[in-house]
Each structure stands twice: as structure tokens, then as C-alpha cells.
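[1] What would the 3D arrangement of this be:
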Amino acid sequence: MRRIILLLGIALTAIQASAQFSKPRRQYVEYIVSTNNPSRNYELNENASLKIEAYKGGIPLNGVKVYYKTGDEMMTPEKNDSAVFNNGVATINLGTRKEPGFKACDLKFTVYDKTYKDLVKVGFAPEKIKPFTAMPEDFDKFWNKAIKEVEKIDLTPEITPLPSYSTKNVDVFLVKLTVGKNGRNMYGYLSKPKDGKKHPVLFEPPGAGAKKITPTTYYSENGFIHFKINIHSGCNSELSDDMFETARKIADNYNRNGIENKEQFYYKDVYAGCSRCVDFLCTLPEWDGKNVGVTGGSQGGALTIITAALNKKVTFCAPFYPALCDLNGFQHNRAGGWPKYFQKGNEKQGAEHTLEYYDVVNFARRLTCPIFFSFGYNDDTCSPTSTYGTYNEIKSPKTLSITPTSGHWRFPETNDESVKWMQKMAE
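    As a prediction, the model looks like this:
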């Protein structure tokens, strides 16, 4: 009996301690940033301002300074100042713009040694942003030749089942494709529904870098034959970490490799190789024979638009915050796209001319299929100036889904929105 009483006492003490130190269900400091125009879009010469509401344990914050920098996005700040919370509210004046574009505000404040940071951007007549990218006279000739050259090379697909990644509804495979000269290849994960029916195909190029990719069954669970790739030759994600590290060295400084010559630029093989991935998907017996989609984010968003423009088999595309847009922007004192060529000075001689052949803007001008285009305003990797300017050049049927508070990422709800749009396109 004494032992039982002792155990009960210990249990009660544990419960009390758990209650005393239980994890809070809310943040001690909560804040929200709003703008004087809820859409975060302004007319030219209209003044923009931010209101920050902050609470400490539910009580309005008082006397705390908000330090901020404001100016045109990705440019040297025009103003470096502070504001003070009064009854939970601090206000920051962003000013205006005389030309279409975006202004940004970096802000931070500290409570109990914890610093809260945020980035807020607002647009001024963004639907009127015009990119600086020029269209070379031989743009179509250059890319038609590049595509025809790689089409002569047999894909020689190697398809390996991966039951450890498969589910009751989806089969997953490792695929190796030869997509260029000298055995240049791309590895990727192919996912197919197990229902024995015909399905649309969906190609997903990757974001930037040369890291391992992982398979996903998300799109196949939603009715697509899905192919997700690594763009760098020899980069098989099933390799050990040490072996993959050796393989990925081919990609060191890849986004500037050969930039001085349009024929030698690293991205030439990447763009053409992505088109060949679509060709591979259209050979699969499970393909429905008509519907071909492309989707991806960042560099993958850029390659989405590029692939859709280069390969006429593509019937719809859904890029998120595409990189490689309006690449000469920084030469004109305006934010350009990732990888931010010319932001820190000159690139190699010839780069400006080369980039005209690789800028997403010029592929957007050639796009003919429907497009679902999504990005956020608070993106400091792929500037909304460059992505909005690219969107404005598209003449094919287009759907724009903007989430102003997102940065270089997407909400799950926005991704689901894109899937529903793609499913409708494939009906």
C-alpha cells in the first residue's frame, strides 16, 4: 500500500510539473503587418505605409523601437530609421514610386532579448512593369537547332523499380536518361498511379543547386504520371553521400559556367535536356496521349516556362516564383532575377549578350499553352519585379495567383490550387 501511495505521489508531482512547464499554445509576442492598401498594390505616386501591431502576452506593446530600412527592392536603402510602438502600433512610411516596380522594407524589433525580423514589399503599378530583356533576332533559330541536335540522341532510358518508395496506390522508379552529347544524362524519380488507367504526364524540374532530390507521390496520388529530375549529369540521388558529392562537383559555379559564350553556357544542355524529359514521358504506355504538364519552383519555375516554350507537346504549365527572369535588371538599377547577374558588378565579357538567349522573359514571349503563374511579394531571391515583368509578357491564356505575404516559398493551399487547375486542364 505504501508503495502504491508513493507511486501515486510521484505521478501527481509529474502531472503538476507538466502543467507548470507545459508548452505554450501561442507565441508570447505576436505581431501582424498590414499596409494602407490591403492589396499591397499602389498607383504610381501614391504613398504607401505599413502598420505593425504587436502584443506581449496579449497586452499592446509600448515603447519598443522598430528599426527599419526602406527603398526600391534589392537596391541600396533610401532610408534607415526607427519607429516606436505606441499602444501596440508602429507606423512606417514607405514613400512612393514614379515608375512601375516594388519597394521593400526590412524591419526588426526586440522583446526580452528575442529579435523579430520581417521583410515586406509592395508593388506600384506592377501590371505595367516592362522587362529590360531584348529578343535576339536569331533566338528561335538558336533554340530550334539546339533541340534538333539532342533529338538525334537516343534517350536509352534505364528504369529501375524502387519498391521502398512505392505506396499502395503509386509505383516509384529511378530513371536515367541520356539527354545530350558525350553521354550527358539526367536522373530522376518517376511515379505512376497503380490503377492501370491512362493518365496525363507531369514533368518537374528542380530548384537551384546540385543537391539530392527525393521522390514524391503527391502528384500521382492526384492522377498524374510524375517525373522529378536532377539537371546535373551523373547526379543520381540513390548514390551514397560520398559518391554523390564527387558527382555533383560538375555543377560547381554552374550558373556562370561558360556564360561568356551562348554556345558553351551550362544552361544550354539543361534547357535542351528538360525538353527531352518531356519526350520521354510521352513514350510511356500509361500516358493518356494528349495532356502534358510542367511545374516547378524557383529555378524549377524558370525551367517550367522554358520547357513549355521549347517543347510543343506541353499543353499546360504551372511555375512558381521563377528564377532567371529579366537578368539584366541590375544593369538598369532595378532588381533582376536569380542568380542576380550584375548585382555586384560586371560579369564575364559577353555575358549580357549570352543571357538574352537564356532569359525566361524571352521564353515567356514564345509561350502558347495555358499557364498558372504564382509568386509572393516578399521574395528576396527571385524578385517580384522580375517575375511580374515576365508574367506581363505572356500572351497565352494565363492565371495569376499572388500571395503577397509569401517569400521564396509557397503555401500548401496555393500548391493545391495549382493542382486543381492542372487537373482541370487535363480533363
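[2] any idea how far residue 104 is from the closest residue in space to residue 101 that isn't next to it in sequence?
    In space, residue 101 comes closest to residue 385 once its chain neighbours are excluded; the distance is 5.4 Å by CB to CB, 6 or more residues apart in numbering. Glycine gets a C-beta too; all of them are placed from N, C-alpha and C. Counting by CB to CB, to the nearest Å, the gap from residue 385 to residue 104 is 10 Å.
[3] Between these two, which is the more surrounded one?
    For residue 385 versus residue 104, the count of surrounding residues by other CB atoms under 10 Å is larger for residue 385: 27 against 23.
[4] contacting residues for that one?
    The neighbourhood of residue 385, defined by CB atoms under 8 Å, 6 or more residues apart in numbering, consists of 73, 74, 101, 102, 126, 129, 326, 329, 334, 335, 336.
[5] can you list the domains in this protein?
    Taking automatic domain parsing as the reference, the chain has its domains at 29-127, 139-425.
[6] Just say which of those is most tucked in.
    Each of the domains of the chain was given a mean neighbour count from mean count of other CB atoms under 10 Å, and the largest, a mean of 19, is that of domain 139-425.
[7] quick one: low-confidence ranges for the stretch 201-350 of the chain?
    Per-residue confidence for the stretch 201-350 of the chain (pLDDT under 70) gives no ranges below the cut-off.
[8] any shared contact partners between residue 385 and residue 104?
    Both residue 385 and residue 104 are in contact with 73, 74, where contact means CB under 8 Å, 6+ apart.
[9] With only the CA atoms kept, save the helix or strand hosting residue 362 in PDB.
    Under the assignment given by DSSP states H and E, the secondary-structure element containing residue 362 is helix 360-364. As requested, C-alpha coordinates have been extracted for helix 360-364 and formatted as PDB (Å, rounded to 0.1, in the frame of the first residue of the first chain):
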ATOM      1  CA  VAL A 360      12.900  33.400 -69.100                       C
ATOM      2  CA  VAL A 361      11.400  36.600 -70.400                       C
ATOM      3  CA  ASN A 362      12.100  35.600 -74.000                       C
ATOM      4  CA  PHE A 363      10.600  32.100 -73.500                       C
ATOM      5  CA  ALA A 364       7.600  33.700 -71.900                       C
END
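[10] Downstream of it, the next helix or strand is which one?
    Of the helices and strands lying after helix 360-364 in sequence (DSSP H and E), the nearest is strand 371-375.
[11] ok, now which ones touch residue 121?
    Residue 121 touches 40, 73, 102, 103, 104, 105, 377, 378, 379, 384, 404, counting by CB under 8 Å, 6+ apart.
[12] in the stretch 51-200 of the chain, which spans are helices?
    Along the stretch 51-200 of the chain, counting by DSSP state H, counting those that start in this stretch, helices occupy 139-151.
[13] go on, the stretch 251-400 of the chain?
    267-281, 299-310, 351-356, 360-364, 384-392.
[14] what would those helices look like in TSV with distance to residue 344?
    As requested, the helices of the stretch 251-400 of the chain are arranged in TSV below (distance: least, CB to CB, whole Å):
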stretch	distance to residue 344
helix 267-281	20
helix 299-310	20
helix 351-356	13
helix 360-364	21
helix 384-392	17
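[15] who wins for proximity to residue 160 among those?
    Each of the helices of the stretch 251-400 of the chain was checked against residue 160 via CB to CB, and the shortest separation belongs to helix 267-281, namely 14.6 Å.
[16] by contact count, what packs against the closest one?
    Contacting helix 267-281 under the criterion 3 or more CB pairs under 8 Å, 6 or more residues apart in numbering; DSSP states H and E are the following elements: helix 139-151, strand 170-178, strand 185-193, strand 199-204, strand 225-230, strand 287-297, helix 299-310.
[17] which residues are contacting the second one?
    Contacts with strand 170-178, where a contact means CB under 8 Å, 6+ apart, come from 153-163, 165-166, 184-194, 215, 217, 220-221, 227, 236, 238, 273, 276-277, 280.
[18] what's the angle between it and helix 267-281?
    Regarding strand 170-178 and helix 267-281, their directions subtend 130 degrees when assessed with axes from the mean of the first three to the mean of the last three CA atoms, to 10 degrees.
[19] same question, the third one
    On the basis of the same axes, to 10 degrees, strand 185-193 is oriented at 30 degrees to helix 267-281.
[20] and strand 185-193, C-alpha only, in PDB?
    Written as PDB, here are the backbone C-alpha positions of strand 185-193 (Å, rounded to 0.1, in the frame of the first residue of the first chain):
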ATOM      1  CA  ASN A 185      22.400  12.300 -68.600                       C
ATOM      2  CA  MET A 186      19.700  13.200 -66.100                       C
ATOM      3  CA  TYR A 187      18.500  11.100 -63.300                       C
ATOM      4  CA  GLY A 188      15.000  11.400 -61.800                       C
ATOM      5  CA  TYR A 189      12.200   9.700 -60.000                       C
ATOM      6  CA  LEU A 190       9.200   8.500 -61.900                       C
ATOM      7  CA  SER A 191       5.900   8.000 -60.100                       C
ATOM      8  CA  LYS A 192       2.900   6.300 -61.700                       C
ATOM      9  CA  PRO A 193      -0.600   5.500 -60.400                       C
END
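[21] oh, and call the first residue 16 from now on, that's how I've got it
    Sure, I'll start counting at 16 from here, so that last one is strand 200-208.
[22] Pretty sure residue 266 sits against residue 249.
    No - the pair residue 266 and residue 249 fails to qualify as a contact (CB atoms under 8 Å) at a distance of 9.6 Å.
[23] Stretch 107-119 - what's its average pLDDT?
    Confidence over stretch 107-119, taken as the mean pLDDT, stands at 97.
[24] From the opening residue of that stretch to its closing one, how far?
    11 Å (CA to CA, to the nearest Å).
[25] cool, and stretch 110-119?
    For stretch 110-119, the first and last residues are 10 Å from each other (CA to CA).
[26] and if you look at stretch 290-302?
    End-to-end span of stretch 290-302 (CA to CA): 17 Å.
[27] Check stretch 321-338 too.
    Here the two ends of stretch 321-338 are set 11 Å apart, with distance taken as CA to CA.
[28] what about it, distance to the chain center?
    Relative to the chain's own centre, stretch 321-338 is displaced by 14 Å; criterion: CA atoms, centre = their mean, to the nearest Å.
[29] Stretch 141-151 too?
    Using CA atoms, centre = their mean, the distance between the centre of stretch 141-151 and that of its chain works out at 20 Å.
[30] Residues contacting that stretch, please?
    Contact partners of stretch 141-151, identified using CB under 8 Å, 6+ apart, comprise 56, 115-117, 157, 340-344, 346-347, 349, 368, 370-372, 374, 376-377, 380, 399-401, 403-405, 407-408.
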